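structure here, sequence nowhere to be found:
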């Protein structure tokens, strides 16, 4: 049974690949990147605008969530009282467990109208980055906090003994010491953001285009699958499975990077 | 844990202070969101909302069939994930003591599995459970797809729980001449019980929060399911559908979101309680 569990990953990859095979063999993998537009029923299979959409919204989310998440971790670890830190941690745990549709619902009913006042239509790259940032910030903060806690206390005490200020101890000793743990948390958060479907689908406008500004609507790879699976047939369906393969490759790569980072830390 | 807090009463740390302010501000959007959901949802929430079927595509009426479908999907998920996950957890823990390389390979494949996006599980579930196994859009297909998703989390929890069983206990059992089966049923299983409980609760939380994997496996149908072979709509899918596809159902979407968050909050509390019990047991041992 353990082998069954170990094999689930491969079965999933194999099945998605099998369903994607007609598209990969007939259309060819390179055309998924080279074609300019996505009109799968008319033989045009360009995934690049959606790849750009996925990357842009996820990197935007990281841009917000990483500094703030690390700030939360440092504040919890060095500044707050033990009780406050514990409460903060529990709160983050709860926020991280809120379903993505709920974030999407809130983004659509609250953030989108706010943005639409100045930059219609409101459903945009900006809002999807904001919603994603809210979703991944708990991950960044919690993994960073755990990494800070693993820094040997002798290093921290040594810093204090040398008369360094608490700022210097936190930023120059603890944070560099926790680097690999913090980085692996960021990579995990990026993987989550790239794979997120429902929340992004609800707030990003879903127009297949390379965005010109942060107020332009975008469509991500994951959202594209969810939007078109309902009516896709034949080659179109296979093309969607092919974009699933692309997602698997990206995310597996990121997970392996994260594993290497944590393993490097333990050794 | 909070190194540096005491003793330095007069030490100025402007950067840390600024970071604390940032951290405090960063929690505001969550409070804003939860506040709006509670205010918007409570107005709409009533006994009849929980006990009636939806009418006019969910603009009116309640969510009873949706709650029933959600629980049915959850039941299928747990029925699949607990035996397979428990076995894997036990074997993984034993393997990593004897064949470290194989144990690590299975462990790391599960870690990668934990990161696979939910929409990919949806694609897989649709191709494998719905089409290849011929289950169609059904509660079975949805529940089994979620079981694949929850598997890594459950296995890791059981594995961690088993690692806390002290080596002496095993040696003692072997010294007493207990058979391996007896060691498993009388020693490991009871010792792992809180971890299994924690795994069940964590998997439930994960399964309740999932939407993308369910849309193409258990489907959209919002009437009361007759059997597990019927299609049924989960709470999260209901929120999605009401928000995106049904005009004028926002308040019911909000109330459904409140129900779902309350459920998840309850499960979070349970996780904490079980986690603390597990920790206490680890210390006692």
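That came through, no problem. Since the structure is predicted, the reported quantities are computational estimates derived from the model, not experimental observations.

contacts only, for the closest residue to residue B:163 other than its chain neighbours.
Excluding the flanking residues, the one nearest residue B:163 by Cβ to Cβ, 6 or more residues apart in numbering or on different chains is residue B:93, at 6.2 Å. In this view, the C-beta of every residue, glycine as well, is placed from N, C-alpha and C. Residue B:93 sits next to B:158, B:159, B:162, B:163 when contact means Cβ atoms under 8 Å, 6 or more residues apart in numbering or on different chains.

and the helices in chain A, which stretches?
Secondary structure of chain A (DSSP state H): helices located at A:2-27, A:29-34, A:48-74, A:82-97, A:100-106, A:112-118, A:125-150, A:153-161, A:166-168, A:175-177, A:179-195, A:198-203, A:221-228, A:234-266.

start to end distance for stretch B:114-130?
22 Å (Cα to Cα, to the nearest Å).

close to chain A, is that stretch?
Yes - if you take Cβ under 8 Å from any Cβ of the partner chain as the test, stretch B:114-130 does meet chain A, through B:114-124, B:126-128.

follow-up on the earlier one: now the weakest link among the helices of chain A, please, by mean pLDDT.
Of all those, mean pLDDT reaches its minimum on helix A:29-34 (a mean of 79).

tell me what that helix is packed against?
Under the contact definition 3 or more Cβ pairs under 8 Å, 6 or more residues apart in numbering or on different chains; DSSP states H and E, helix A:29-34 sits against helix A:234-266.

could you pull out the buried residues of the helix it packs on?
The neighbour-count check on helix A:234-266 (16 or more other Cβ atoms under 10 Å in any protein chain shown) flags A:235-248, A:250-252, A:254-255, A:258-259, A:261-262, A:265 as buried.

going by proximity to chain B, name the top residue of the stretch 151-267 of chain A.
residue A:195 (2.5 Å; Cβ to the nearest Cβ).

spit out the contact partners of that residue.
A:222, A:247, A:251, B:115, B:116, B:117, B:118, B:119, B:120.

same thing but 10 Å
By Cβ atoms under 10 Å, 6 or more residues apart in numbering or on different chains, the residues touching residue A:195 are A:54, A:58, A:220-222, A:247-248, A:250-251, A:254, B:115-121, B:212.

coming back round to it: which one (most neighbours) among the residues of stretch B:114-130 next to chain A?
Highest neighbour count within the residues of stretch B:114-130 next to chain A: residue B:123, with 32 neighbours (other Cβ atoms under 10 Å in any protein chain shown).

surely that residue and residue A:16 touch.
Yes - contact status for residue B:123 versus residue A:16: in contact at 5.6 Å, counting by Cβ atoms under 10 Å.

what touches both of those two?
A:241, A:244, A:245, A:247, A:248.

so can I have a markdown table of those showing distance to residue B:21?
A markdown table is the format used below for these (distance: Cβ to Cβ, whole Å):
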| residue | distance to residue B:21 |
| --- | --- |
| A:241 | 47 |
| A:244 | 43 |
| A:245 | 45 |
| A:247 | 38 |
| A:248 | 41 |
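
find the closest residue to chain A in chain B.
Counting by Cβ to the nearest Cβ, chain B gets nearest to chain A through residue B:117 (2.5 Å).

which residue is the nearest non-sequential neighbour of that residue?
residue A:195 (2.5 Å).

could you check the angle helix A:2-27 makes with the helix or strand encompassing residue B:65?
Under the criterion of DSSP states H and E, residue B:65 resides in helix B:64-98. Put simply, helix B:64-98 runs at 110 degrees to helix A:2-27, going by axes from the mean of the first three to the mean of the last three Cα atoms, to 10 degrees.

pLDDT of helix B:64-98, averaged?
So the average pLDDT for helix B:64-98 ends up being 89.

now find how far off-centre it is within its chain.
The chain centre lies 10 Å from the centre of helix B:64-98; the measure is Cα atoms, centre = their mean, to the nearest Å.

correct me if wrong: the residue of chain B closest to chain A contacts residue B:213.
Yes - counting by Cβ under 10 Å, residue B:117 touches residue B:213, with 9.2 Å between them.

shared neighbours, the two?
A:197, B:123.

let me see the contact set for the closest residue to residue B:216 other than its chain neighbours.
Once flanking residues are discounted, residue B:216 sits nearest to residue B:126: 4.4 Å by Cβ to Cβ, 6+ apart. Residues in contact with residue B:126 (Cβ under 10 Å, 6+ apart) are A:15, A:19, A:229, A:237, A:241, B:132, B:137, B:141, B:145, B:213, B:215-217.

right, and the pair among these with maximum separation?
The most widely separated members of the contacts of residue B:126 are B:132 and B:215, with 18.7 Å between them, by Cβ to Cβ.

tell me which of those two has more neighbours.
residue B:215 (27 against 12).

report pLDDT for the closest residue to that one other than its chain neighbours.
Spatial nearest neighbour of residue B:215, chain neighbours left out: residue B:237 (6.0 Å); criterion: Cβ to Cβ, 6+ apart. Looking at residue B:237, its pLDDT stands at 94.

what sits against residue B:237?
By Cβ under 10 Å, 6+ apart, the contact set of residue B:237 is A:101, A:198, B:66, B:69-70, B:73, B:142, B:210-212, B:214-215, B:218-220, B:222.

just give me the closest of those to residue B:100.
Using Cβ to Cβ, residue B:210 comes nearest to residue B:100 of the contacts of residue B:237, at 33.2 Å.

tell me the contacts of the closest one?
A:99-101, A:198, B:73, B:77, B:118, B:121-122, B:142, B:145-146, B:149-150, B:234, B:236-237.

okay, now the unreliable bits of the stretch 51-200 of chain B?
Along the stretch 51-200 of chain B, no part satisfies pLDDT under 70.
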